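J.: I'll drop the sequence and a predicted model, then ask my questions.
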Amino acid sequence: MRSGQFRIFRSRAAGIEVVKAETSHCFPKHTHDQFGIGIIESGAQASLSGRGMVRAEAGDVISVNPNEVHDGTPIGESRAWSMLYFDPRLIGDLLDDIGEGSLGGAEFPSPVIRNGQVASCFKTLFPLLAGNAAPQDALLQDGLLLSLVAAVMSEGVPAPRDTAVPAAIGRARDLIEHDPAAPLTLAELADACGLSHFRFLRAFTKATGLTPHAYLLQRRIHEARRLIAAGTPLAEAAFASGFADQSHMTRLFVRNFGISPGAYAAAAG
């Protein structure tokens, strides 16, 4: 729905509110009953935070804790931002997973974060939560959500323990390779390994060099190439290898192999 210069999206995840805004409004001191993570899209603003006065500019990630008194004044004529608001219970569950029960009532430590990787993670996650995602994106969405919250909470995240991780990660790899088209979730893969979701995400990426979602996409595109080489029509190959549609398969095929699926089929024939 829209309200003035604010747009609230129907979130694809329970417990998360997805908002875009562009306004010159000066917000008085106020609080939210949710955690918030966002990014300044354009312009800049000055605001009171729980850690004093701060300035956030385009590209900066911003955060706020429940019941934290803050305000907001544009620097210049206006500013625009995107924001994700999280129910405290959801953040508590995520932090329990990230810290394996050791983080308790932790808060986001920094109101402004100047880190390109954190900003990139947010920008990739936001459109997925805003509704522009297929069910096949669930693994990507879950991984990004954990990574984003962990990054914003980085000062309080303990170093992961790596005991017996390689053998555990092998079980997740086997699940992916056995059926690349299956709509696997982060929870299913982590449970198969006997690891928390965050520890699994970190360990899998360290062991394979790819996130679980990226690894799954690699297996799917190789399965699609095998099917196309065997003469399977392109649309059928896309469906059988787990892609949302043929165009999604085509984009990844070209990016990986430098040739379109149609051209590859012609060459393979």
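T.: That came in fine, so what should we check first?

J.: host element of Ala46?
T.: For Ala46, the host element (DSSP states H and E) is strand 35-49.

J.: Run the chain-centre distance for that strand.
T.: Distance, stretch centre to chain centre, for strand 35-49: 19 Å (Cα atoms, centre = their mean, to the nearest Å).

J.: buried residues in that strand?
T.: Across strand 35-49, burial judged by 16 or more other Cβ atoms under 10 Å covers Phe35, Gly36, Ile37, Gly38, Ile39, Ile40, Gly43, Ala44, Gln45, Ser47, Leu48, Ser49. For glycine as for every other residue, the C-beta is placed from the backbone atoms N, C-alpha and C.

J.: ditto for stretch 56-71
T.: For stretch 56-71, the neighbour count (16+ other Cβ under 10 Å) marks Ala56, Asp60, Val61, Ile62, Ser63, Val64, Asn65, Pro66, Glu68, His70 as buried.

J.: Ok, stretch 198-217 next?
T.: Applying a neighbour-count criterion of 16+ other Cβ under 10 Å, the buried positions in stretch 198-217 are 198-205, 207-208, 211-213, 215-217.

J.: And the buried residues of stretch 56-71, which is closest to Cys26?
T.: The shortest approach to Cys26 among the buried residues of stretch 56-71 belongs to His70, at 12.5 Å (Cβ to Cβ).

J.: which residues sit in contact with that closest one?
T.: Neighbouring residues of His70 by Cβ atoms under 8 Å, 6 or more residues apart in numbering: Lys29, His30, Thr31, Ser47, Leu48, Ser49, Gly50, Val64, Pro111.

J.: so what's the third one scoring on pLDDT?
T.: With respect to pLDDT, Thr31 has a value of 86.

J.: For it, which non-adjacent residue is spatially closest?
T.: Among residues not flanking Thr31 along the chain, Asn67 sits closest, at 5.0 Å (Cβ to Cβ, 6 or more residues apart in numbering).

J.: what about the longest strand in this structure?
T.: Of all segments of type strand in the chain, defined using DSSP state E, the longest is strand 70-86.

J.: Where does the prediction get shaky in the stretch 151-269 of the chain?
T.: 155-165, 268-269 (pLDDT under 70).

J.: Give me the mean pLDDT for stretch 43-58.
T.: Per-residue pLDDT values across stretch 43-58 average out to 92.

J.: So what touches that stretch?
T.: Under Cβ under 8 Å, 6+ apart, the answer for stretch 43-58 is 29, 40-42, 62, 64-65, 68-80, 110-112.

J.: related to what we said a few turns ago, got the angle between the helix or strand following the longest strand of the chain and strand 70-86?
T.: On the C-terminal side of strand 70-86, the closest following helix or strand by DSSP H and E is helix 88-98. Our comparison of helix 88-98 with strand 70-86, counting by axes from the mean of the first three to the mean of the last three Cα atoms, to 10 degrees, yields an angle of 70 degrees.

J.: And helix 88-98, what's buried?
T.: Within helix 88-98, the residues scored as buried using 16+ other Cβ under 10 Å are Leu90, Ile91, Gly92, Leu94, Leu95, Asp96, Asp97, Ile98.
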